[in-house]
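Asker: predicted model, plus sequence, below.
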Amino acid sequence: MQRRAFCCLICLLLALAPAAMAEGNFVMAGYDGEGSTHDWNTNGFFVRMQERTGLTFTFDQYTSLEKWQEAKDAMFAPGGELPDVLFKAALTTPELIRYSDSGQLIDLGPLLEENAPNLWALLEAHPDWREAITLPSGKIVALPAIQELAPQNAMWINQTWLERLGLEAPTDWESLHEVLTAFRDRDPNGNGKRDEIPFAFLGPWELKFFSHAWGVAANDYNIYLDEAGQVHYWPAEESFWEMALALREFYQEGLLDPDGFITADALRRITDAIHAEGAKASIQLGHCGNMSHRSTAGQIPISASTGFNLYSPTFVRGMHKDEIEAMARAFGEAVNNARDAGFDAVEIHAGHGYLISQFLSPYTNHRHDEYGGSLDNRMRFMRMCMEQVMKAAGNDMAVIVKTNMRDGFKGGIEIDEGILIACELEQLGAHALVLSGGFVSKAPMYVMRGEMPITTLTYYMKTWWLKYG
């Protein structure tokens, strides 16, 4: 015989439990999201509530939406066995109506005022919320998660270090700078070495928690509401870039953990998921060069030669020789980072008018040293990068290179030089080539082949000369 299921928040069931149920074990089933790392068996909330109520649960937790849908269909099928509780059940409105009409989901509405007075008060205060969860039949068979508070971006600080140095917890950006500087310079761990990491984080995403210093509490998608109820996308706001530049100063002063930008753990979740399906993972590595902008780079963008990029638009500075050598090493370091993140291959972007391509193309390379002039010289930076890449890749990572056969305009790379560059890449050890064309700062539409909405794309360009180009 089928059990009738509450499709509701677990807190409601636990609130009802002491009055409505004897001690016993109940089955809870639900979908916790693709690739979730949560474990309901050890979840602190469930553990505490089971201790407080005397109820215990057997959890049937799914992290695959496809498998959960199959299980859900089987539960509600004739002769199926429903759990006592559906939690995060991902039930659609048609499913709620169908299973309510069949009597498999009960109407929670009459139970709320007496058994969940706080929730009932919220619904009474917000009739639109109640309307949103009420079916056309007037029944309430599923309850939502309700969050009245603004997003809270929590951060933590080492209280022991504060007390050891006689410092107060920071309350604004200036006092945070003072505290982190003291953590860097005053040996708070007491080992006599300057080895402390003032601010540790895991991936650039966590740096968004500094947004509070600019009066912003954005959600996971960088969206927030102002006091007037206006929706804002924070990366489009000036304050976002102010924070980025302030963080750049922190980084230059050694206050941020440099390893925090190596998002190996976050990327590892992606590569693990790819590997679980029997596939291999590749990541593209490149540098924008003159296609960056001072507002994001914090300085004049670099390129093969000094000049002006009309497309950004921005002035650009030719790289010094020591910067060229450091950049080549950075490509090798990027491959090591990709390996740490679980990638099986890397694609080096040497085309489309980005940095390596800017050295290769006579349109952007006007140098008069060993990095400019002849094609052999223009390929020197590419060779240096590939040497570091192949060394880091070793024998167990594939190296793919995207390169131009033609830049797409007179004065750029033509087919004859494109073939020579491809042959050089083969000699340098590339395992595969992606042959392409186009130059984002001169012939961006050349990159886009086939049926492309060119008229629509150009319509939304902000400046008249880009439309003309």
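Answerer: Sure thing, it's come through.
Asker: show me where the stretch 301-450 of the chain has strands.
Answerer: Counting by DSSP state E, counting those that start in this stretch, residue ranges of the strands within the stretch 301-450 of the chain are 302-303, 307-309, 314-318, 345-350, 398-406, 432-437.
Asker: longest helix anywhere in the chain?
Answerer: helix 321-340 (DSSP state H).
Asker: and the angle from it to strand 398-406?
Answerer: 130 degrees (axes from the mean of the first three to the mean of the last three C-alpha atoms, to 10 degrees).
Asker: helix 321-340 - contacts with which helices or strands?
Answerer: For helix 321-340, the elements it packs on are strand 282-285, strand 345-350, helix 380-393, judged by 3 or more C-beta pairs under 8 Å, 6 or more residues apart in numbering; DSSP states H and E. (Each C-beta comes from the backbone N, C-alpha and C, glycine too.)
Asker: need the winner for burial among these.
Answerer: Mean neighbour count (mean count of other C-beta atoms under 10 Å) peaks for strand 345-350 among those, with a mean of 22.
Asker: parallel or antiparallel, list what pairs with that one.
Answerer: Applying DSSP bridges to the sheet, strand 345-350 is found paired with strand 282-285 (parallel), strand 398-406 (parallel).
Asker: can you convert these into CSV and add a column each for distance to D340 and mean pLDDT?
Answerer: As requested, the strands paired with strand 345-350 are exported to CSV (distance: least, C-beta to C-beta, whole Å; pLDDT from 0 to 100):
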stretch, distance to D340, mean pLDDT
strand 282-285, 12, 97
strand 398-406, 16, 97
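Asker: and of those, who's closest to R52?
Answerer: Nearest to R52 among the strands paired with strand 345-350 is strand 282-285; the distance by C-beta to C-beta comes to 46.9 Å.
Asker: can I get that closest one in PDB? Just the C-alpha atoms.
Answerer: Presented in PDB, the C-alpha positions along strand 282-285 are these (Å, rounded to 0.1, in the frame of the first residue of the first chain):
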ATOM      1  CA  SER A 282      41.000  19.900 -22.200                       C
ATOM      2  CA  ILE A 283      41.400  23.600 -21.300                       C
ATOM      3  CA  GLN A 284      42.400  26.500 -23.400                       C
ATOM      4  CA  LEU A 285      45.300  28.600 -22.200                       C
END
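Asker: residues contacting it, please?
Answerer: 267, 331, 334-335, 338, 341, 343-349, 398, 400, 402 (C-beta atoms under 8 Å, 6 or more residues apart in numbering).
Asker: starting at the chain centroid, how far to that strand?
Answerer: 15 Å (C-alpha atoms, centre = their mean, to the nearest Å).
Asker: list the buried residues in stretch 313-323.
Answerer: T314, V316, G318, M319 (16 or more other C-beta atoms under 10 Å).
Asker: between its first and last residues, how far does that stretch reach?
Answerer: Terminal residues of stretch 313-323 lie 23 Å apart, using C-alpha to C-alpha, to the nearest Å.
Asker: before we move on, what about stretch 36-49?
Answerer: Using C-alpha to C-alpha, one end of stretch 36-49 lies 22 Å from the other.
Asker: and what of stretch 269-283?
Answerer: Span of stretch 269-283 from end to end, C-alpha to C-alpha: 14 Å.
Asker: rewinding a little: okay, the strands paired with strand 345-350 in JSON lines with distance to F308 next?
Answerer: Output for these, formatted as JSON lines (distance: least, C-beta to C-beta, whole Å):
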{"stretch": "strand 282-285", "distance to F308": "27"}
{"stretch": "strand 398-406", "distance to F308": "22"}
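Asker: closest one to I324 among the ones you listed?
Answerer: For these, the distance to I324 is smallest for strand 282-285, at 16.8 Å, taking C-beta to C-beta.
Asker: which residues touch the helix or strand following the closest one?
Answerer: Sequence-wise, the next helix or strand downstream of strand 282-285 (DSSP states H and E) is helix 294-297. Here helix 294-297 makes contact (C-beta under 8 Å, 6+ apart) with W241, A244, I300, P301, T314.
Asker: just give the nearest non-adjacent residue to the second one, would you?
Answerer: Looking back up the chat, that one is A244. T296 (7.2 Å; C-beta to C-beta, 6 or more residues apart in numbering).
Asker: and the third one, by the same measure?
Answerer: Closest residue in space to I300, ignoring its immediate chain neighbours: R317 at 4.7 Å, by C-beta to C-beta, 6+ apart.
Asker: cool, and the last one?
Answerer: With sequence-adjacent residues excluded and distances taken as C-beta to C-beta, 6+ apart, T314 is closest to H293, at 5.1 Å.
Asker: what residues are up against that neighbour?
Answerer: Contacts of H293 (C-beta under 8 Å, 6+ apart): P301, S312, T314.
Asker: phi, psi for it please.
Answerer: Backbone torsions of H293, given as degrees, to the nearest 10, read phi -150, psi 150.
Asker: can you check what pLDDT the model gives it?
Answerer: Listed pLDDT for H293 reads 80.
Asker: how near is it to P301?
Answerer: 7 Å (C-beta to C-beta, to the nearest Å).
Asker: pLDDT on stretch 205-223, on average?
Answerer: 84.
Asker: would you mind listing the outside residues contacting that stretch?
Answerer: Contacts for stretch 205-223 (C-beta under 8 Å, 6+ apart): 150-155, 172-173, 176, 201, 224, 231-235, 237, 239-240, 242-243, 246-247, 260, 263, 266.
Asker: hang on, the earlier thing: so what sits against both of H293 and P301?
Answerer: Common neighbours of H293 and P301 are listed as S312, T314 (criterion: C-beta under 8 Å, 6+ apart).
Asker: check the secondary structure at the residue nearest the centre of the chain for me.
Answerer: With distances taken as C-alpha atoms, centre = their mean, the residue of the chain nearest its centroid is W205 (6.5 Å). Put simply, W205 is helix when judged by DSSP: H, G, I helix; E, B strand; the rest coil.
Asker: how about the one 5 residues further on?
Answerer: For F210, the reduced secondary structure class is helix; criterion used: three-state DSSP.
Asker: now it: how far from L245?
Answerer: Distance from F210 to L245, by C-beta to C-beta: 12 Å.
Asker: show me the shaky parts of the stretch 151-300 of the chain.
Answerer: Applying pLDDT under 70 to the stretch 151-300 of the chain flags residues 151-153, 262-264.
Asker: all strands for it, in order.
Answerer: So, for the stretch 151-300 of the chain - with DSSP E, counting those that start in this stretch - the strands run 223-225, 231-233, 282-285.
Asker: take those strands and lay them out in CSV including distance to L162.
Answerer: As requested, those are exported to CSV (distance: least, C-beta to C-beta, whole Å):
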stretch, distance to L162
strand 223-225, 30
strand 231-233, 34
strand 282-285, 39
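Asker: which one of these lies closest to K391?
Answerer: Taking the strands of the stretch 151-300 of the chain one by one with C-beta to C-beta, strand 282-285 is closest: 14.4 Å.
Asker: mind listing the helices for the stretch 101-250 of the chain?
Answerer: Under the criterion DSSP state H, counting those that start in this stretch, the stretch 101-250 of the chain contains helices at 109-115, 117-125, 127-133, 159-165, 173-185, 238-252.
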